[in-house]
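> What would the 3D arrangement of this be:
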Amino acid sequence: MSKGRNYKGIEIFRVVAAFLVIAIHPSPLTTYSQTADFIFTRVIARVAVPFFFMVTGFFVLSKGTDVRRFLKKTAIIYAASAALYLPINVYAGHLQSWDMIDLVQQVFFEGTFYHLWYLPAAILGAWLTWKLMRRLSSGACLAAVAVLYLLGLLGDSYWGLVENVPVICSVYNALFALMGYTRGGLFFAPIFMWLGAQLRYAKPRGTGFEIAGLIVSFALMLAEALNARAQGWQRHDSMYVLLPAVMYFLFALLSRWKGTVKMPLGSFSLLVYILHPAVIIVVRGAARVLGLWDIFVENSLGHHIAVCLGSAAASAV
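I've put the predicted structure just below:
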């Protein structure tokens with residue numbers, strides 16, 4: 001039995017987070033309200049990836065003894081996932097348009113299929129955070145990951161603040177040419193992996209304090225996200241100033257919920273994440289053949305439900 005299965009809250013939220021990742025792609029509420037969909041997919045669902053980064057910090061980086069094993073295992077999963085989606089990339093003609101820079105970007109930063117960016121980000125983020133934790137004091141490490149996150153913010157939800165500053169804009173455009181986005185293993189992952197590692201041995205501050213902290217920090221992050229959207233600052237919408245605070249309180253609460261989980265929820269959530277784009281393709285094809293396009297494709301909520309059910313079924317099998 002894995003160590004993670006003794007943390008019931010974390011294990012159950014793995015599955016929740018996997019389905020939140022699915023929600024980001026079909027945007028399930030766009031048929032009904034663009035604002036509601038933004039809140040659900042670009043604010044609430046944005047806790048999913050940082051949660052998985054924190055899981056790595058909590059279980060792997062907190063001790064540091066299994067880091068190499070994690071890097072090797074994640075690289076194997078990434079290679080297998082890339083192979084799974086290779087026929088789709090070939091069919092779509094993506095590989096024909098890649099030059100050497102595109103190849104580096106796709107393999108090492110963006111992922112060879114659009115959702116696979118998390119895997120190279122986890123590899124780079126874990127390696128970098130591990131090195132920082134070994135070489136720096138706790139305070140210096142926090143400062144380093146915080147600066148990286150701040151730099152990432154300016155290329156993400158706060159791009160509008162620097163896009164017209166010539167020198168800064170040129171630097172970021174060079175970064176974008178290499179890595180596509182700042183949400184990745186260099187700028188995005190380290191702060192959450194570091195937080196996860198710290199929480200493994202942190203003294204609990206009290207459930208009431210953590211619940212209040214989560215409510216307040218999420219409310220402020222929601223206001224922040226809506227303001228960034230209204231101002232037109234966002235180049236992307238993965239990173240917010242308040243997101244680390246939200247994740248700290250959320251993960252602290254989840255880690256309090258102890259108990260044994262017998263089902264392999266970690267493996268199930270991983271399969272949901274890997275397989276859901278393939279399920280999207282199957283749902284669209286089946287809807288066309290069965291004459292259910294309006295229900296399961298045009299209707300965003302119907303499409304989302306079908307993809308979730310299909311992903312769950314495929315992963316369970």
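> Quick check: buried residues in the least confident helix or strand in the chain by mean pLDDT?
Here the helix or strand of the chain ranked lowest by mean pLDDT, DSSP states H and E is helix 100-105, holding a mean of 85. For helix 100-105, burial by neighbour count (16 or more other CB atoms under 10 Å) applies to Gln105. Every C-beta, even on glycine, is put in place using the N, C-alpha and C of the backbone.
> Any buried residues in the helix or strand just after that helix, and which?
Following helix 100-105 in sequence order, the next helix or strand is helix 118-135 (DSSP states H and E). For helix 118-135, burial by neighbour count (16+ other CB under 10 Å) applies to 118-130, 132-133.
> Helix 118-135 packs against which elements?
Contact partners of helix 118-135 among helices and strands, from 3 or more CB pairs under 8 Å, 6 or more residues apart in numbering; DSSP states H and E: helix 48-56, helix 67-92, helix 138-154, helix 189-201.
> on that earlier part again, what about dumping the CA coordinates of the least confident helix or strand of the chain to PDB?
What follows is helix 100-105, C-alpha atoms only, in PDB (Å, rounded to 0.1, in the frame of the first residue of the first chain):
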ATOM      1  CA  MET A 100      14.100  22.200 -34.100                       C
ATOM      2  CA  ILE A 101      12.900  25.000 -31.800                       C
ATOM      3  CA  ASP A 102       9.400  23.700 -32.000                       C
ATOM      4  CA  LEU A 103      10.600  20.200 -31.200                       C
ATOM      5  CA  VAL A 104      12.500  21.400 -28.100                       C
ATOM      6  CA  GLN A 105       9.500  23.500 -27.000                       C
END
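> how close does the residue nearest in space to the middle of the chain get to Tyr118?
Residue closest to the mean C-alpha point of the chain, counted by CA atoms, centre = their mean, is Val49 at 2.3 Å. According to CB to CB, to the nearest Å, Val49 stands 6 Å off from Tyr118.
> tell me the phi and psi of Ser33?
Main-chain torsions, Ser33, degrees, to the nearest 10: phi -160, psi 120.
> All set now, cheers.
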